[in-house]
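Trainee: Provide a 3D model corresponding to the input given below.
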Amino acid sequence: MKLRGRFTVTLAFAALVPITIAAVITSRVLTSKWRDNYVAQKGQATAFVGREIHRLEQEVQDASTALASSDHPFVGRLLLYLEESSGELTAEARHWLRDQAGPTMKGLSLDILTITGPDDVVLVSPHYRARIGDPNPLPAVRQRAEATGGKPFFTRDSIGTGHTAETVLVIESAQMAREGGYSVALVAGKRVTDDVLSNVRGTNTGMDARIVAPTGEVMLPPAGGDANWAQLAHAKDLLRTPLPGPDGKPVAYIEVAVSDGGLDQTLFNITLTSALLALGALLAVVLIGSLVARRTARDLDQLVEGSIAAARGDLDHRVPVRDRDEVGAVANAFNFMMEDLKTSKEKLVIAERIAAWQEIARRLAHEIKNPLTPIQMAMDTLRKSYKKQHPEFAEILDESTTTVLEEADRLKRIVAEFSDFARMPKPEFSRIDLNDVIRGSLALYKDATPQVEAKLDPKLPELDADKGQMNQVLLNLVENGRDALGTREGGRVTVTTKFGEAPDRLTLIVEDNGPGVPPELKDKVFAPYFTTKHAKGGTGLGLAIVHRIVSDHGGRITISDAPGGGAKFTIELPLRNGQALLASRI
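Mentor: Numbers count the residues shown, from 1 in each chain. Reported below is the predicted structural model:
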């Protein structure tokens, strides 16, 4: 995976963790908030109902407590009538009770008021006058007063005029009032109406309430109707508040239904939205990371291109500097290095040229000096013999002129070799099959001794090269190996071709099993005019010419020891002209 890919993937994984954590936390916070709001609404509804019940209980208990006091104008007068009439009320007293009962009940904001005398017969019942004088239900009033001690309770009672009555749910408080030797039992109550549930119904459109009997009978219907109630009650469990009767058992329930506002769907939407936002954030991070990686990799690619150009000798190549960041600093440093290398190379070229001309002059002087000495000696001998009129002057003349002509030919050959090396033409490239060139060149050594053999790769591709110069390289190396072998028994020169270590090159190897090259001379064998064969007339230009031809082809030649002993010359040649080989295998 390339740098830009690794950078993008790494950045994506690095961003995935905080994005996931943020998404999970956000989802949980929102979910918890929605759940808390729902729970709070349910708690609020329960509190509303509790407060309303407590308010009713307090109002009824306060009213009954006030009535049960002998100081109350109405009940106190009633007890006084009983005391005066020895328990039997006169017609005047009954008439007064009938006239004052109603205003007294309304003055206390009561809907129910029942008072029974010492004999448990109803004396006062303004909410349902038909009960006055009725002894049948009356023991319940005294019993409830004695059992509850004035504590409020819920029950179903009748309210009406004449013989028409409506059975309704009420909250009552039963107490005893005493004065002297007489006592009365009273029940004060208020009707449970829509007002009890108004606060619950009015707080939220997604909330409603109703009152039902333990049997399921609806005693007070919901404000929104049965259809709306069914929808609300289906969402979640109902909140049920019992309304205890005088015996402590519920006589009815207040049911409150609170809408969850589509809580499940809302939570799903929150989770989905969080996931989508996290995915979007991750994609944004990946996109930004990809752009940054692409830009960074582009700058690095340009640095790589510049490095390759520098390795191939193109010191005029410059890397564009787009930013002032670290990559830009590297690009600036690279450009500075290229400028410095160019300047150093120009200085080096000048120095090498001077050194080369000095070496040429030294070598040329040395090579010319050798034949000049015999020429000088021959001419000096000839001159002396002539002055002395030597009797064998003719023979001396012949020997001297022969020597002069031989040395003159030698000088001519030296000058020609130096001239050829100095005027070596540039290669004329064409597509050639190196194996064919080798086969043609080695045909000269078919029956030669030492033996020359070839190991050629038949799948070797064609390359751009000068056919004549490649032939010259091969012949120089083969002759160099044959000279090293001399008359050694079993001597052999081997020529091998194969694919290179990289796909942009192929390899030519010429090796022998001779004495090899001493380590201290391996660095000098390609230098011009270096030779170990002065006695045989060598000029030291053969391997220098090989090195120059290989270099002009953009290749590389090295010398090493052959596996079985001897010298091994390895040549790497590029398949395409203009693509010089790099030292590394990029």
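Trainee: Assess the claim that Leu477 and Val546 are in contact.
Mentor: Yes: Leu477 is within contact range of Val546, at 6.3 Å (criterion: CB atoms under 8 Å). No exception for glycine: its C-beta is placed from N, CA and C like everyone else's.
Trainee: For the residue lying closest to Asp111 once chain neighbours are set aside, give me its contacts.
Mentor: Leaving aside its sequence neighbours, Asp111 sits nearest to Arg191 (CB to CB, 6 or more residues apart in numbering; 4.1 Å). Shown in contact with Arg191 (CB atoms under 8 Å, 6 or more residues apart in numbering): Asp111, Ile112, Ile159, Val168, Leu169, Val170.
Trainee: Which segments of this structure make up each domain?
Mentor: Listed domain ranges for the chain are 3-52+262-304, 68-192, 196-258, 326-422, 430-574 (source: automatic domain parsing).
Trainee: hang on, Lys459 is in a helix, isn't it?
Mentor: No: per DSSP: H, G, I helix; E, B strand; the rest coil, Lys459 lies outside any helix segment and is coil.
Trainee: Number of residues surrounding it?
Mentor: Look at Lys459: counted by other CB atoms under 10 Å, it has 8 neighbours.
Trainee: Show me what Gly189 is bridged to.
Mentor: Ile112, Glu172 (DSSP bridges).
Trainee: Confirm for me that it is in contact with Glu172.
Mentor: Yes: Gly189 is in contact with Glu172 according to CB under 8 Å; the separation is 3.5 Å.
Trainee: So for stretch 367-375, mean pLDDT?
Mentor: Here stretch 367-375 scores 77 as its mean pLDDT.
Trainee: scratch that, stretch 457-476
Mentor: Here stretch 457-476 scores 91 as its mean pLDDT.
Trainee: How about residues contacting stretch 340-354?
Mentor: Ala310, Leu315, Asp316.
Trainee: what do you get for stretch 103-121?
Mentor: 59-60, 63, 66-67, 74-75, 78, 82, 87, 89, 101, 122-127, 131, 133-135, 138-139, 141-142, 157, 159, 170, 172, 182-191.
Trainee: list the buried ones in that stretch?
Mentor: Using 16 or more other CB atoms under 10 Å as the test for burial, stretch 103-121 gives Thr104, Met105, Leu108, Leu110, Asp111, Ile112, Leu113, Thr114, Ile115, Thr116, Gly117, Asp120.
Trainee: now, among those residues, which is nearest to Ala40?
Mentor: Nearest to Ala40 among these is Asp111, at 34.1 Å by CB to CB.
Trainee: Distance-wise, check the closest one relative to Trp229.
Mentor: 26 Å (CB to CB, to the nearest Å).
Trainee: follow-up on the earlier one: now list whatever residues contact both of Gly189 and Glu172.
Mentor: Common neighbours of Gly189 and Glu172, counting by CB under 8 Å, 6+ apart, are Val60, Ile112, Thr155, Asp157.
Trainee: Compute the distance between the last one and His54, please.
Mentor: Okay, so that is Asp157. 21 Å.
Trainee: Which of the two has more residues huddled nearby?
Mentor: Asp157 (22 against 11).
Trainee: Do I have it right that that one meets Ile171?
Mentor: No: using CB under 8 Å, Asp157 is not in contact with Ile171, being 9.9 Å away.
Trainee: Now the common contact residues for the two.
Mentor: Residues touching both Asp157 and Ile171 by CB under 8 Å, 6+ apart: Gly189.
Trainee: by contact count, what packs against the helix or strand harbouring Arg55?
Mentor: Using DSSP states H and E, Arg55 sits within helix 3-67. Secondary-structure packing of helix 3-67 (3 or more CB pairs under 8 Å, 6 or more residues apart in numbering; DSSP states H and E): strand 164-179, strand 182-191, helix 195-203, strand 207-212, strand 239-244, strand 250-258, helix 263-311.
Trainee: so what does the last one touch, helix or strand wise?
Mentor: To tie it back to what came earlier, the one meant is helix 263-311. Applying 3+ CB pairs under 8 Å, 6+ apart, we find helix 263-311 packed against helix 3-67, helix 326-387.
Trainee: If I average pLDDT within each of the ones you listed, which one is lowest?
Mentor: Among the helices and strands packed on helix 263-311, helix 326-387 carries the lowest mean pLDDT (a mean of 75).
Trainee: quick one: buried residues of the next helix-or-strand element following that helix?
Mentor: With elements assigned by DSSP H and E, the helix or strand that comes after helix 326-387 is helix 393-422. Going by neighbour count (16+ other CB under 10 Å), the buried part of helix 393-422 is Ile396, Leu397, Ser400, Thr403, Val404, Glu407, Arg410, Leu411, Ile414, Glu417, Phe418, Phe421.
Trainee: Nearest spatial neighbour of the fourth one, chain-adjacent residues omitted?
Mentor: Just to be clear, that refers to Thr403. Spatial nearest neighbour of Thr403, chain neighbours left out: Ala378 (4.2 Å); criterion: CB to CB, 6+ apart.
Trainee: Now do the same contact list for the one you found.
Mentor: By CB under 8 Å, 6+ apart, the neighbours of Ala378 are Glu399, Ser400, Thr401, Thr403, Val404, Glu407.
Trainee: if I look at the second one, how far off is Ala454?
Mentor: Which is Ser400. Taking CB to CB as the measure, Ser400 falls 50 Å from Ala454.
Trainee: what pLDDT does the spatially most distant residue from the centre of the chain get?
Mentor: Distance to the chain centre peaks in the chain at Pro391, reaching 108.8 Å (criterion: CA atoms, centre = their mean). Listed pLDDT for Pro391 reads 83.
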